[in-house]
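Chemist: what's the 3D shape of this:
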Amino acid sequence: MNSIASPSQAQAATTVERKHQSVWKIGAATMVGTAIEAFDFLAYGTAAALVFNKLFFPNFDPTVGTLAAFGTFASGMLARPLGGIIFGHYGDRLGRKSMLTLSLLLMGICTVLIGLLPTYESIGLWAAVLLVLLRIGQGLSFGGELGGAMLMAVEHAPPKWKSLVGSMPQMGAPIGVLLSSGAFALVTQLPEASFLSWGWRLPFLASAVLIVLGVFIRMKVQESPEFMQVKVHQKTAALPAREVVVAHLKPLLLTIGGKLAEVTLIYTILVFSISYATSRLGFSRSDALHALIAGSTVMVFTIPASGWLADKVGARRLYVFGGLLLAVMAVPLFQAIGSGSLTAYTVAMVVALSINYPLMFAPQSNLYAAQFPAELRYSGISIGIQFAAAIGGGLAPIIAATLVAKYSSIVPVGIYVAVLGVVAAVSAWLMRPTANE
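Modeler: Numbers count the residues shown, from 1 in each chain. Presented below is the predicted three-dimensional model:
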């Protein structure tokens, strides 16, 4: 028997290989961009928990100052739905690639400017006003980033790998957390006076290098093939957001309901728990950040593992399981976080970040993309996840801080997250199944 492949077979194999290489290249490009955006966006959250109350709201008592700092954090989250509408509109009409590059540039400019911002001591109330405006700019940018990155990955992926490849931009989130928390773990080693004076600015200023790298990588990727088909068949909508609300309201609401638990969990962990650990439990900033780094490190591996699993069992089924698991585990997790034991705190952070979060986060790209037609998909996904982010993520630190202040316990925060876990499970179960279910 002749073991040498025919020219046609060799050509076909080369074509398949190139296609697969292209898929992983696209996935890597979305992951890098999302990581950079997450770094920029989350650096603000870390700074809000550690330093902004002192530098931009110094005339408030510590509790009110912390709530004010979290309020500026929330302003960025509340701007994300508007960013989702704007970037979704042009992403559905002009293409995914150009909007992803633009969102990355906007995020970078706002982040670097935060690093250069004078504090309350220098310009008074204007410092807080400018901080909020730049945070809103970050929110607009991130509102268009994640949905577009999810689509670029899923729309390039072959059917059997859609959840796995779709999880690659999600991997950017823990990488961004690692970059952000790692940077702050380094600068918090400075003397207190140096950290408050200039050390906190370094992570924001360093993002300029990452932005240049990210834009260069994104310029190299190809446009989504599914969007190209939309353009070829002239199916673009004049007002995609309106079409989503009018013709696809149910999947939009289910997307919001499904996203709420995951985004509330992550921002409660990333922002509130650090503030709680340092102000209430007496942990050092380094201890709190090291727990966050540990959980995020494991998450880098459990997100693609969850994406692979979603391709095997179905994205919708895995999402339902993740929501129910969070409903069961939320109260014990937050009891451990509030126990006063650094070991229990660290274990709870690692479990929440590396198990509960990925089970819902990794399948999102494939599951949410299946809910909307290609010509409305950027708008549908972006509006859905960003409204959920505004409601869940933006308000999560404020609600958590308010619950702890009212009940003198962190357990109500766990109950709050558990209820949202049930909402996520029910929402996912009512969604349209993906192709492999």
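Chemist: Can you name every helix or strand that the helix or strand hosting residue 402 contacts?
Modeler: According to DSSP states H and E, residue 402 maps onto helix 396-407. Counting contacts by 3 or more CB pairs under 8 Å, 6 or more residues apart in numbering; DSSP states H and E, helix 396-407 is packed against helix 62-93, helix 249-267, helix 273-279, helix 411-429. All C-beta spots, glycine's among them, are computed from the backbone N, C-alpha and C.
Chemist: make it 10 Å
Modeler: helix 7-50, helix 62-93, helix 249-267, helix 273-279, helix 411-429 (3 or more CB pairs under 10 Å, 6 or more residues apart in numbering; DSSP states H and E).
Chemist: mind checking which of those helices is nearest residue 153?
Modeler: helix 7-50 (4.9 Å; CB to CB).
Chemist: CA-only coordinates of the following helix or strand past that closest one, as CSV, when you get a sec.
Modeler: Next in sequence after helix 7-50, counting helices and strands by DSSP H and E, comes helix 52-55. Only the C-alpha atoms of helix 52-55 are listed here, as CSV (Å, rounded to 0.1, in the frame of the first residue of the first chain):
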residue,chain,number,x,y,z
PHE,A,52,-8.6,56.2,46.3
ASN,A,53,-10.6,56.8,49.4
LYS,A,54,-7.5,58.5,50.9
LEU,A,55,-6.4,60.5,47.9
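Chemist: Which residues are in contact with residue 219?
Modeler: 29, 97-98, 101 (CB atoms under 10 Å, 6 or more residues apart in numbering).
Chemist: separation between it and residue 100?
Modeler: 10 Å (CB to CB, to the nearest Å).
Chemist: Okay, now the unreliable bits of the stretch 301-437 of the chain?
Modeler: Residue ranges of the stretch 301-437 of the chain with pLDDT under 70: none are present.
Chemist: okay, which residue is most central for this protein?
Modeler: With distances taken as CA atoms, centre = their mean, residue 173 lies nearest the centre of the chain, 5.4 Å away.
Chemist: Now do that one against residue 225, distance only.
Modeler: 25 Å.
Chemist: mind listing what the residue nearest to the centre of the chain touches?
Modeler: Contacts of residue 173 by CB under 10 Å, 6+ apart are 31, 34-35, 37-39, 41-42, 146, 266, 270, 296, 299-300, 303, 353, 357-358, 361.
Chemist: Just the buried residues from these, in PyMOL please.
Modeler: Buried residues among these (16 or more other CB atoms under 10 Å), as a PyMOL selection:
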select buried, resi 31+34+35+37+38+39+41+42+146+266+270+296+299+300+303+353+357+358+361
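Chemist: any idea where the helices of the stretch 51-200 of the chain begin and end?
Modeler: Remark: helices assigned in the stretch 51-200 of the chain by DSSP state H, counting those that start in this stretch are 52-55, 62-93, 96-115, 120-123, 125-156, 162-187, 192-197.
Chemist: nearest to residue 410, of those?
Modeler: Short answer: helix 62-93, nearest of those by CB to CB, at 15.1 Å.
Chemist: what residue ranges in the stretch 1-150 of the chain score low on pLDDT?
Modeler: Scanning the stretch 1-150 of the chain for pLDDT under 70 picks out 1-21, 41, 45, 49, 57-74.
Chemist: re earlier: could I get the helices and strands packed on helix 396-407 in a markdown table, plus columns for distance to residue 235?
Modeler: Shown next, in a markdown table, are those (distance: least, CB to CB, whole Å):
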| stretch | distance to residue 235 |
| --- | --- |
| helix 7-50 | 22 |
| helix 62-93 | 10 |
| helix 249-267 | 18 |
| helix 273-279 | 45 |
| helix 411-429 | 28 |
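Chemist: quick one: the strands in the stretch 301-437 of the chain?
Modeler: With DSSP state E, counting those that start in this stretch, there are no strands along the stretch 301-437 of the chain.
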